[in-house]
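Enquirer: generate a structure from the sequence data that follows.
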Amino acid sequence: MTEDTGATEATDAGAAGTAAPEHIDVLVIGAGLSAIDAAYHVQKNFPDRSYTLLEARDSLGGTWDLFRYPGIRSDSDMYTLGFPFRPWTGEKAIADGHTILEYLRDTAAEFGIDEHIRYGHRVVRAEWSTRDSLWTIEAQRTDSGQTVRFTAGFLLCCTGYYRYDEGYTPDFPGVDRFGGTLVHPQHWPEDLDYTGKRVVVIGSGATAVTLAPSMADAASHVSILQRSPSYIISVPARDALATTLQERLPGGLGHRLARLKSTLVATALYQACQRFPTFMKGRIRDLQKRWLPDGYDIDTHFAPRYDPWDQRMCLVPNGDLFRAIRHGDVDMVTDRIATFTETGIALESGAELEADVVVSATGLNLLAFGGIELVVDGDSVELSDTMAYKGMMLSGVPNFAFVVGYTNASWTLKADLVSEYVVRLLRYMDDKGFARAVPRRDPSVDEEPFLDFAAGYVLRSVDSFPRQGSQAPWRLRMNWFRDLAALRHGSIVDAAMSFDVAPVRTEQTPHRETSATASGR
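Expert: Predicted coordinates:
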């Protein structure tokens, strides 16, 4: 663990109440992909400003350090999932999890970001004081349970949107009598040996279609048990055009073009699915007929009830799942669980799947902002009462931004734009002498769910999240090109954003505020 020089003594003293909390100019919560991106932008643009990353776990990497199940890989191409300031140069466009984690560690080390990470610090509360124009952050040391405190001028939350300590597992009937091993991919046992065993993977999303062909090499047989199908398409594991661009064009131009090309392709696919769903259904089905054995029952196992991209589409590199099905190593079972038995799973159809190992790839539990309690001037913030400004700030919450990536493209595309916007916002505040920036909600804007996405893990928890609005700047865009215009090139000043100068206080006069709206009045 690497900590900022001299910080431990200050934080420990602050926790004991004998000294003021340690002050940090920009405090980043998390040490995953989004946080590393944010740290890079902060230190590049404000070299004289202090920043720290507080990470609850004992290592960086976020998702890519947490998940260790067989075959884990990116679900978008690495030319967009990688950082624009440190181009991805690996062989694969769809990369293995361990290579992504190595890339993140190398990036943090190369830019000295790892020296600013405090591991084992779980942030539990953050309170904003308008009087002081400061956040006070409370974090618990995971090794001792001790509470340590910090103050910060700006808070950037890079915690993602799911719970790291538990995945979602339904209440399976009869599971207690199952004589085999039941595991969740989020908590994969290091010593799990499935060699020569019968494996059932429950689920139909990206995790399930990744696990099945990966486990099939050692298992005697693997079945994917799904209640209903998902859209699954094959993509090349290596992007020949992107590799050529990077090799032949100088000065990072090749990477920028490869990144742009990948973004255009992903956006075009999404837009085509949204605008011409019937045509795209047919096109996907035609491709699957080529990838699967003759006469395969596509309508039962690969024809979802919803339109393409109403939920995230699953990508399988070089058609590995389809190859495993053709070779007889993996089979698809579309049915419902009646009950677990001693030797497997009894299905509602009357069939039974025998299993030695069952993997519950049944999804995630969502958790907004890592479960941190937000307080503004003594009042707890009810997230469902707030509205998300530009998909990255909250109404009524000053000097606070967060990262939630795209559901239809690479997470990093949005994370990097948020970091750029935060830099622009901080620079504008410096230039104008403002101490606070807070979006003010427009009551005439209609509410909509924050994540307009039909996946089960979203529907279970979306009511506990902020809302989005029916129009800009309260609309959460799942389109990088629109966000590029708004976040990188759009004006910092608009009718929704309010700026305030620092309060003027003297011993002879009571506390008062001087306010300036976005128009400078």
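Enquirer: partner strands of the helix or strand hosting residue 358 and their direction?
Expert: Taking DSSP states H and E as the criterion, residue 358 maps to strand 357-360. Strand pairing for strand 357-360, using DSSP bridges, gives strand 181-183 (parallel), strand 198-202 (parallel).
Enquirer: can I get stretch 491-498 in PDB, CA atoms only?
Expert: Taking C-alpha atoms only, stretch 491-498 is exported to PDB below (Å, rounded to 0.1, in the frame of the first residue of the first chain):
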ATOM      1  CA  SER A 491     -20.700  26.000 -22.200                       C
ATOM      2  CA  ILE A 492     -20.100  25.600 -18.500                       C
ATOM      3  CA  VAL A 493     -22.700  28.300 -17.900                       C
ATOM      4  CA  ASP A 494     -26.300  27.500 -18.400                       C
ATOM      5  CA  ALA A 495     -29.600  28.200 -16.700                       C
ATOM      6  CA  ALA A 496     -29.500  25.100 -14.500                       C
ATOM      7  CA  MET A 497     -26.100  25.700 -12.900                       C
ATOM      8  CA  SER A 498     -25.700  28.100 -10.000                       C
END
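Enquirer: and the next helix or strand past the strand holding residue 358?
Expert: In N-to-C order, the element after strand 357-360 by DSSP H and E is strand 364-366.
Enquirer: now do that following strand, average pLDDT.
Expert: Mean pLDDT, strand 364-366: 82.
Enquirer: again with stretch 450-464
Expert: On average, stretch 450-464 scores 66.
Enquirer: flag the shaky bits of the protein, pLDDT-wise.
Expert: Where the chain drops to pLDDT under 70, the residues are 1-19, 452-461, 503-521.
Enquirer: ok, 80 please
Expert: For the chain, applying pLDDT under 80 flags the ranges 1-19, 164-167, 251, 450-464, 502-521.
Enquirer: domain assignment for it?
Expert: When the chain is parsed with automatic domain parsing, its domains come out as 7-164+366-517, 169-238+295-362.
Enquirer: dump those domains into CSV; add mean neighbour count and distance to residue 257 as well.
Expert: Backbone N, C-alpha and C define where each C-beta goes, glycine included. Below are the domains of the chain laid out as CSV (neighbours: other CB atoms under 10 Å; distance: least, CB to CB, whole Å):
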stretch, mean neighbour count, distance to residue 257
domain 7-164+366-517, 19, 9
domain 169-238+295-362, 18, 17
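Enquirer: out of the ones you listed, flag the one nearest residue 272.
Expert: Among those, domain 169-238+295-362 comes nearest to residue 272, with 8.4 Å by CB to CB.
Enquirer: next, the distance between the ends of the closest one.
Expert: One end of domain 169-238+295-362 sits 6 Å from the other (CA to CA, to the nearest Å).
Enquirer: quick one: that domain to chain centroid distance?
Expert: 24 Å (CA atoms, centre = their mean, to the nearest Å).
Enquirer: one step back: among the strands paired with strand 357-360, which is nearest residue 90?
Expert: Across those, closest to residue 90 is strand 198-202 (CB to CB), at 26.9 Å.
Enquirer: which SSE is immediately downstream of that closest one?
Expert: helix 206-216.
Enquirer: so after that next one, what's the next helix or strand?
Expert: Taking DSSP H and E, what comes next after helix 206-216 is strand 221-226.
Enquirer: quick one: strands adjacent to the following helix or strand past that next one?
Expert: Downstream of strand 221-226, the next assigned helix or strand under DSSP H and E is strand 232-235. Strand pairing for strand 232-235, determined by DSSP bridges: strand 314-317 (parallel).
Enquirer: now the helices for the protein?
Expert: Secondary structure of the chain by DSSP state H: the helices cover 7-15, 33-45, 63-66, 78-81, 97-110, 206-216, 240-248, 253-275, 277-291, 298-301, 320-326, 411-432, 456-459, 480-483.
Enquirer: what's next to the last one, contact-wise?
Expert: What it means is helix 480-483. 263, 267, 391, 406, 409, 413, 414, 417, 477 (CB atoms under 8 Å, 6 or more residues apart in numbering).
Enquirer: spatially nearest residue to the fifth one (excluding sequence neighbours)?
Expert: Okay, so that is residue 409. Sequence neighbours aside, residue 266 is the residue nearest to residue 409 in space, at 4.8 Å (criterion: CB to CB, 6 or more residues apart in numbering).
Enquirer: one step back: looking at the helices of the chain, which is nearest to residue 336?
Expert: So among these, helix 298-301 is nearest, using CB to CB, at 13.3 Å.
Enquirer: got the CA coordinates for the closest one in PDB?
Expert: Below are the C-alpha coordinates for helix 298-301, written out as PDB (Å, rounded to 0.1, in the frame of the first residue of the first chain):
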ATOM      1  CA  ILE A 298     -32.600 -20.500 -32.600                       C
ATOM      2  CA  ASP A 299     -36.100 -19.400 -31.900                       C
ATOM      3  CA  THR A 300     -36.100 -21.100 -28.500                       C
ATOM      4  CA  HIS A 301     -32.500 -20.300 -27.400                       C
END
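Enquirer: if we can go back for a sec, for residue 36, find the nearest of the strands paired with strand 357-360.
Expert: strand 181-183 (29.4 Å).
Enquirer: my read is that residue 440 contacts residue 393, right?
Expert: No. Applying CB atoms under 8 Å as the test, residue 440 and residue 393 come out as separate, 10.9 Å apart.
Enquirer: noted, bye for now.
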